[in-house]
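Student: okay, predicted coordinates and the sequence, questions at the end:
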Amino acid sequence: MSPARLSVAEDGGATVIALGGELTAAGLGPVWQRALAAARRTRSASMTIDLGAAEALDSAGATLLIALEQAFGGTVEWRGLTERRRGLIERLRAAIPQGPLPRPSASRSAAPGFRQTLATRIAFFGQTVLAALALPAKLRFLRAADFGRLGERAGYQAVPLVGMLGFLIGMILAFQSAVPMRQFGADLYVANLVSISLFRELGPLLCATILAGRTGSAFAAELGTMSVNEEISALTTMGIDPETMLVLPRVAVAMLVMPALTILMDIVGLLGMGFVLVLFGFTPGVILAQVASFTGPADLFLGLVKSVVFGAAIGIIGCRAGLTTGGGPRAVGEAATSAVVGGIVATILLDGLFAVMTYRLGI
Amino acid sequence: MSEAAAPDVAAPAITVDGVAQGFGGREIFRDVSFQVANGEIFVILGGSGAGKSTLLRQMIGLLPPSAGRITILGHDVARETEAVRRDIGVMFQSGALFGSMTLLDNVMLPLTMFTDLPGAARIEIARVKLGLVGLGDAAMLLPAEISGGMAKRAAIARALALDPPILFLDEPSAGLDPITAAGLDQLILELRAALGCTFVVVTHELSSIFTISDRCLMLDKTARGVIGIGTAADLRDHSDNPVVRAFFNRKALT
């Protein structure tokens, strides 16, 4: 193929714009602007467009010819215009929209304000609580199979990740604190430090982060896709409320798997710590006795209570993000982001609340 | 459809030779062979599950056939997929417009990716394409803001962006009201008249078939292949196959 060629000449008071080669979308790039500029500059009374050397003309080429004609403003004389080319130009001329390109409407980019977002979230929390209260009358909307499927994804499939992270965190905590504490001959107390922080804080907190990242986002994406596909509307019109059928099982599963994951996290965290302390020369018996003497079931229990509350918050936030998904291709992604961010923020806020409460109550 | 690039008119635009498709031991069709001439509007029809869309996906290179060979303008679809993609435009059943882009940006995308035209030229060409399908005023709308019929028109405009010689349309009139569907049929005829492209249209709308088709190919689920090929009137009046006759006479098979 030969690229488009342009030559401009004066011929007895008329400007002749000759276009040759392939006047197609692929070939016109280099000459488009120059041809248009030549047509605008033309001051002569008449303009001739010569297509004698044109090898091909597609709708991009025809669009250029029409643009040349409009830029000149007067009547154009054509050379080398076959019947087929004339037909194409005529058809496209009729199709060209008049006037400038309209501005895109501004309303679509307006995101809901802070107040509206807060109101949606509080309303959703209320709906979920109401759905839970009304559950006895609507037990048939719960499907047992959902619990198994959701539990497997949220709990069982998270076990390897929780195990690996817990062991590493236990090791890192023990190692980082053992080095400075050894200077005071207090490295055995690393066991106290790590176990108390794992049981009361890190266990539930890390599990909540993992749950928010793995499960909260999955809830949001799944419910968000359902909402985009009008499946939620279908449920509503069937008289099945999505809170009961979709949200409650998910929140319940999140609350159920969290204590289990937290216990796992605590155990492997202690194992990781024990591994480091054994390397520092302590026997497992000594370490175990130290842990048992300093931490009690109350610490473990506090951690488990926290984990259940965190699980509920992450479940509710994930489902809320999914069910309030807007339209458009980015909506599901935004819902997943909102679920993870919201879940982690809520977890930290609740953890702060727990810290104040336990301090006041002296637990 | 540029004149010089158009190959020998006598040579078929598309040749399908002994194509078969199966999914996991389940055979959809076998030994499907036909040719589509340049400038022809060729309709693939058949009931649900007959493999119409499967055959279309094979022809546009999204699904390698289990057996057989498809050639488009002399290029083997399976081996020279890149070359084939430059010669075809596809309108998917749902329109498949990119939801985050305005209609204008949707149509401009191929121009931006594959030509070195200046921005103003790309906008002008895209506007003409949208005008050609009757969406001149909707250029700045998002796909979510338009109706199903408009989405299909916009998808056709996007398929036309680079003036491909062959257009594939998957169920252009599905899910549209009869008036919009008839408008789309007119559009297809107009586009062929103005641009001279070849069309392969998958549909099961009888009115469409009689309005637009030069020839049709009918696939059938039970026969697992072609049960009729020819002009719509021919198939209606002279076919020996009871399924073909039932289809064209809108009768339920008993």
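Tutor: Received the coordinates, thanks.
Student: the longest strand along chain A near chain B anywhere?
Tutor: Using DSSP state E, we find that the single longest strand of chain A is strand A:14-23. Yes: using C-beta under 8 Å from any C-beta of the partner chain, we find that strand A:14-23 touches chain B at A:Glu22, A:Leu23. (Each C-beta comes from the backbone N, C-alpha and C, glycine too.)
Student: packing partners of that strand?
Tutor: Secondary-structure packing of strand A:14-23 (3 or more C-beta pairs under 8 Å, 6 or more residues apart in numbering or on different chains; DSSP states H and E): strand A:5-11, helix A:32-41, strand A:46-50, strand A:54-57, helix A:59-72.
Student: so can I have a markdown table of these showing distance to chain B?
Tutor: Shown next, in a markdown table, are those (distance: least, C-beta to the nearest C-beta, whole Å):
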| stretch | distance to chain B |
| --- | --- |
| strand A:5-11 | 14 |
| helix A:32-41 | 5 |
| strand A:46-50 | 17 |
| strand A:54-57 | 3 |
| helix A:59-72 | 5 |
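Student: can you lay out the ones you listed as JSON lines showing mean neighbour count and mean pLDDT?
Tutor: Below are these laid out as JSON lines (neighbours: other C-beta atoms under 10 Å in any protein chain shown; pLDDT from 0 to 100):
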{"stretch": "strand A:5-11", "mean neighbour count": "13", "mean pLDDT": "84"}
{"stretch": "helix A:32-41", "mean neighbour count": "17", "mean pLDDT": "86"}
{"stretch": "strand A:46-50", "mean neighbour count": "19", "mean pLDDT": "86"}
{"stretch": "strand A:54-57", "mean neighbour count": "23", "mean pLDDT": "86"}
{"stretch": "helix A:59-72", "mean neighbour count": "23", "mean pLDDT": "87"}
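Student: so which of these gets nearest B:Arg69?
Tutor: B:Arg69 sits nearest to strand A:54-57 of all those, at 29.0 Å, using C-beta to C-beta.
Student: send the alpha carbons of the closest one over as PDB?
Tutor: Extracted C-alpha coordinates of strand A:54-57, given in PDB (Å, rounded to 0.1, in the frame of the first residue of the first chain):
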ATOM      1  CA  ALA A  54      -6.200   8.200  -5.300                       C
ATOM      2  CA  GLU A  55      -5.900   4.400  -5.000                       C
ATOM      3  CA  ALA A  56      -8.500   3.900  -2.300                       C
ATOM      4  CA  LEU A  57     -11.000   5.900  -0.400                       C
END
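Student: what segments of the stretch 51-200 of chain A are strands?
Tutor: A:54-57, A:76-79 (DSSP state E, counting those that start in this stretch).
Student: as JSON lines, these with distance to B:Leu56 would be great.
Tutor: JSON lines is the format used below for those (distance: least, C-beta to C-beta, whole Å):
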{"stretch": "strand A:54-57", "distance to B:Leu56": "28"}
{"stretch": "strand A:76-79", "distance to B:Leu56": "40"}
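Student: who wins for proximity to A:Gly269 among those strands?
Tutor: strand A:54-57 (72.2 Å).
Student: tell me which other helices or strands the closest one touches.
Tutor: Counting by 3+ C-beta pairs under 8 Å, 6+ apart, strand A:54-57 packs on strand A:14-23.
Student: about what we covered before: of the helices and strands packed on strand A:14-23, which is nearest A:Leu130?
Tutor: Closest among the helices and strands packed on strand A:14-23, using C-beta to C-beta: helix A:59-72, at 59.2 Å.
Student: what's the angle from that closest one to helix A:32-41?
Tutor: Counting by axes from the mean of the first three to the mean of the last three C-alpha atoms, to 10 degrees, helix A:59-72 lies at 30 degrees to helix A:32-41.
Student: number of residues surrounding residue 123?
Tutor: Using chain A here. 12 (other C-beta atoms under 10 Å in any protein chain shown).
Student: right idea, wrong chain: chain B
Tutor: 18.
Student: wasn't it part of a strand?
Tutor: No: counting by DSSP: H, G, I helix; E, B strand; the rest coil, B:Ile123 is not part of a strand but helix.
Student: contacting residues around it?
Tutor: Neighbouring residues of B:Ile123 by C-beta atoms under 8 Å, 6 or more residues apart in numbering or on different chains: A:Leu101, B:Leu104, B:Met108.
Student: what subset of those residues is buried?
Tutor: For the contacts of B:Ile123, a neighbour count by 16 or more other C-beta atoms under 10 Å in any protein chain shown gives the buried set as B:Leu104, B:Met108.
Student: which one is A:Arg320 nearest to, not counting chain neighbours?
Tutor: The spatially closest residue to A:Arg320, leaving aside those adjacent along the chain, is A:Phe124, at 4.2 Å (C-beta to C-beta, 6 or more residues apart in numbering or on different chains).
Student: how near is that neighbour to A:Met226?
Tutor: Distance, A:Phe124 to A:Met226, using C-beta to C-beta, to the nearest Å: 16 Å.
Student: show me what from the stretch 101-250 of chain B comes close to chain A.
Tutor: B:102, B:104, B:111, B:114-118, B:121, B:123-125, B:127-132, B:136-137, B:139-140, B:142, B:144-145, B:160-163, B:190, B:193-196.
Student: again, only this time at 6 Å
Tutor: B:115-118, B:121, B:124-125, B:127-128, B:131-132, B:136, B:140, B:144, B:162-163, B:194 (C-beta under 6 Å from any C-beta of the partner chain).
Student: next, the buried residues of stretch B:90-104.
Tutor: Under 16+ other C-beta under 10 Å, the buried positions of stretch B:90-104 are B:Val90, B:Met91, B:Phe92, B:Gln93, B:Gly95, B:Leu97, B:Thr102, B:Leu103, B:Leu104.
Student: now for those, which pair is the farthest apart?
Tutor: B:Gln93 and B:Leu104 (22.7 Å).
Student: so A:Arg85 touches A:Asp58, yeah?
Tutor: No: the criterion here is C-beta atoms under 6 Å, and A:Arg85 misses it with A:Asp58 at 10.4 Å.
Student: which helix in chain B has the most residues?
Tutor: helix B:178-195 (DSSP state H).
Student: residue contacts, residue 141?
Tutor: Going with chain A. A:Ile240, A:Thr244, A:Met245 (C-beta atoms under 6 Å, 6 or more residues apart in numbering or on different chains).
Student: that was the other one, I meant chain B.
Tutor: Residues near B:Leu141 by C-beta under 6 Å, 6+ apart: B:Leu103.
Student: make sure it is indeed in a helix.
Tutor: No: counting by three-state DSSP, B:Leu141 is located in no helix; its state is coil.
Student: quick one: the closest residue to B:Val226 other than its chain neighbours from chain A, how far?
Tutor: Excluding the flanking residues, the one nearest B:Val226 by C-beta to C-beta, 6+ apart is B:Val32, at 5.6 Å. Distance, B:Val32 to chain A, using C-beta to the nearest C-beta, to the nearest Å: 32 Å.
Student: now do B:Val32, the pLDDT please.
Tutor: According to the prediction, B:Val32 has pLDDT 90.
Student: what's the helix or strand hosting it in contact with?
Tutor: Element membership for B:Val32, per DSSP states H and E: strand B:26-36. Identification of contacts with strand B:26-36 by C-beta under 6 Å, 6+ apart yields B:12-21, B:42, B:51, B:54, B:217, B:224-226, B:229.
Student: among those residues, which ones are buried?
Tutor: For the contacts of strand B:26-36, buried by 16+ other C-beta under 10 Å: B:12-16, B:19-21, B:42, B:51, B:54, B:217, B:224-226, B:229.
Student: find the pair from those residues with maximum spatial separation.
Tutor: Based on C-beta to C-beta, the longest span within the buried ones among the contacts of strand B:26-36 runs between B:Ala13 and B:Arg224 and measures 26.0 Å.
Student: all helices for the stretch 201-350 of chain A, in order.
Tutor: For the stretch 201-350 of chain A, the helices defined by DSSP state H, counting those that start in this stretch occupy A:203-211, A:217-228, A:231-237, A:242, A:248-279, A:284-294, A:297-323, A:331-361.
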